[in-house]
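Engineer: Whatever this is, show me its structure:
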Amino acid sequence: MSRNRRAKIVATLGPSSSSPEMIRQLYDAGVDMFRLNFSHGSHDDHRARYDAIRAVERDVGAPIAVLQDLQGPKIRLGALEGGKQTLATGDTVKFVLASTSPDGKTLPLPHKEVFEAIMPGQQLLIDDGKVRLSVSGLGDHTIEAKVIAGGVVSDRKGVNLPDTLLALSPITEKDRRDLQFGLALGVDWVAFSFVQRASDIIEAHQLVGGRAGVMAKIEKPAALSGIADIVSLSDSIMVARGDLGVEIPPEDVPGAQKDLVRLCRLAGKPVIIATQMLESMILTPTPTRAEASDVATAIYDGADAVMLSAESASGQYPVEAVATMDRIIARTERHKDYAQIIAALHPETDPLPQHAISAAAATVASDIGAACIVAFTFSGTTACRIARQRSRTPILSVTPHESIARRLVLVWGSRSIHSDDIATYDEMVEQAVHHARESGLAQPGENIVVVAGVPFGMSGSTNNLRVVTV
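Structural biologist: Predicted coordinates:
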């Protein structure tokens with residue numbers, strides 16, 4: 001299905017959106033990639049959703065991407081006496097390494113790695129930052145902390161540690177089991193939660209083994225400190241603004257979002273902006289004006305995709321949320337200032353032939369008014385390099401690998417096509433013309449720009465650009 005926009009939509013499946021009929025409605029409304037959130041649901045639930053997505057894919061005859069989002073480690077309080085406890089601002093409280101409160105006064109925190117890493121002056125945030133504490137002293141498996149902003153805390157509430165770098169892999173045993181299951185299903189992307197350092201992405205690649213794209217979720221301040229290396233090693237990035245906004249000041253989130261989008265564009269890596277984009281549509285059929293502006297800002301920043309979470313997973317209006325996001329993106333991309341804003345963010349790239357060819361393809365296509373750019377890509381890299389230019393000319397990403405075609409669904413402005421491999425120049429031209437016409441992008445007499453690598457079928461060999469008349 002042809003979308004009337006360049007940026008993509010990711011929608012999370014859940015209780016409100018698991019039936020095959022609803023998944024088809026969401027696709028028709030504008031979803032490009034479906035997210036399976038492994039923080040919730042059983043393997044059987046996710047298998048049924050995955051099978052329904054692939055049934056839609058077969059029916060529409062176009063690739064659909066599936067994202068597996070792993071839960072990652074969760075730092076939580078243990079069980080409190082009576083189930084809850086009130087912490088008053090100004091009080092000093094004690095955390096102990098235990099799963100239950102031994103005396104009804106201390107707070108159990110069953111995570112040894114926290115006690116090993118935390119230092120005086122660092123923060124402890126409970127329940128998404130509603131209760132805030134500052135560490136004032138350390139003992140043998142104890143932490144003393146002053147309550148900066150008080151409130152009621154209850155059993156198993158989440159704890160955020162924005163200042164503390166934990167000696168903790170972002171991949172838990174549950175994640176490993178879920179990952180094995182997801183890869184066996186055939187997911188196209190895997191998102192790893194709570195990435196802190198570049199070595200976390202190296203571990204992720206070792207586990208995935210090239211069977212899916214590796215996506216780093218940026219939700220920890222520690223990740224921002226080493227973000228260049230994380231982006232370099234990842235296949236894509238998700239800006240998970242919910243957790244990130246708990247651990248850094250809210251006023252810093254918009255700037256971090258812009259920095260991350262620009263860094264990903266420079267690297268030619270797809271980037272998703274996520275969390276609370278149309279939050280009010282969980283309960284209402286229309287968004288707030290501020291939410292519409294938030295989505296538009298991500299598009300003006302040049303993000304590859306924007307994501308719906310609870311809006312589509314558990315909200316009352318999942319189809320309306322997708323349709324609303326589709327309209328906001330399309331209207332934003334048609335705004336008179338959009339092209340100028342995107343052009344002003346144009347990234348400088350390394351002086352390498354493959355970068356130059358990809359950049360030239362976008363320039364030539366614009367200068368001659370080409371109907372489309374046809375990119376023959378073995379690994380998907382060529383399509384990503386062309387998309388980095390944010391050309392207004394549509395991109396047809398043609399690949400012999402179905403898995404790559406599905407991954408490229410996430411890439412800005414790219415329409416994926418799974419097709420037979422090419423071996424000669426004549427086949428390249430023949431296929432390019434065929435796909436350009438079949439897609440409805442080019443008519444007889446129009447020009448198309450064709451990009452490929454010689455020798456054909458070799459990753460990283462982009463070195464050929466041709467203008468072809470249909």
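Engineer: Please count neighbours and contacts with C-alpha atoms only from this point.
Structural biologist: Noted.
Engineer: Residue 217 belongs to a helix, doesn't it?
Structural biologist: No. Assessed with DSSP: H, G, I helix; E, B strand; the rest coil, residue 217 is strand; it does not lie in a helix.
Engineer: Excluding chain neighbours, what is closest to it?
Structural biologist: Closest residue to residue 217 apart from its sequence neighbours, by C-alpha to C-alpha, 6 or more residues apart in numbering: residue 238 at 4.7 Å.
Engineer: Help me confirm that that neighbour is found in a strand?
Structural biologist: Yes. Looking at residue 238 with three-state DSSP, it is inside a strand.
Engineer: My read is that it contacts residue 275, right?
Structural biologist: No. Residue 238 sits out of contact with residue 275 when judged by C-alpha atoms under 8 Å, with a separation of 9.9 Å.
Engineer: between these two, which one's more packed in?
Structural biologist: Higher neighbour count among residue 238 and residue 275: residue 238, with 24 against 21, using other C-alpha atoms under 10 Å.
Engineer: and residue 37, what does it touch?
Structural biologist: 12-13, 68-71 (C-alpha atoms under 8 Å, 6 or more residues apart in numbering).
Engineer: which two from those end up farthest apart in space?
Structural biologist: Greatest spatial distance among these (C-alpha to C-alpha): 13 and 71, at 14.9 Å.
Engineer: Low-confidence bits of the chain, can you list those?
Structural biologist: Scanning the chain for pLDDT under 70 picks out 1, 347, 457-461.
Engineer: which ones are touching residue 338?
Structural biologist: 300, 332 are the contacts of residue 338 under C-alpha under 8 Å, 6+ apart.
Engineer: What segments of the stretch 51-200 of the chain are strands?
Structural biologist: In the stretch 51-200 of the chain, the strands defined using DSSP state E, counting those that start in this stretch lie at 65-69, 84-87, 92-96, 107-108, 123-126, 131-139, 142-149, 151-154, 159-160, 189-192.
Engineer: Present the ones you listed as TSV; the columns should include mean neighbour count and distance to residue 292.
Structural biologist: What follows is these, written out as TSV (neighbours: other C-alpha atoms under 10 Å; distance: least, C-alpha to C-alpha, whole Å):
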stretch	mean neighbour count	distance to residue 292
strand 65-69	25	24
strand 84-87	16	37
strand 92-96	19	42
strand 107-108	26	41
strand 123-126	23	30
strand 131-139	18	30
strand 142-149	21	32
strand 151-154	17	32
strand 159-160	20	29
strand 189-192	26	26
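Engineer: Would you mind saying which of those strands lies nearest residue 221?
Structural biologist: strand 159-160 (10.9 Å).
Engineer: Can you give the contact residues for the closest one?
Structural biologist: Taking C-alpha under 8 Å, 6+ apart as the rule, strand 159-160 contacts 74-77, 124-129, 246-247.
Engineer: run the last query once more with 6 Å
Structural biologist: 75-76, 125-126 (C-alpha atoms under 6 Å, 6 or more residues apart in numbering).
Engineer: How about stretch 207-222?
Structural biologist: By C-alpha under 6 Å, 6+ apart, stretch 207-222 touches 188-194, 196, 234-240, 243-244.
Engineer: Go again with 7 Å.
Structural biologist: Stretch 207-222 is contacted from outside by 162, 165, 183, 187-196, 205, 234-241, 243-244, 247-248, using C-alpha atoms under 7 Å, 6 or more residues apart in numbering.
Engineer: now do stretch 88-105
Structural biologist: Contacts for stretch 88-105 (C-alpha under 7 Å, 6+ apart): 78-81, 106-112, 141-151.
Engineer: From the chain's centre, how far out is that stretch? Work that out for me.
Structural biologist: Averaging C-alpha positions (C-alpha atoms, centre = their mean, to the nearest Å) puts stretch 88-105 37 Å from its chain's average.
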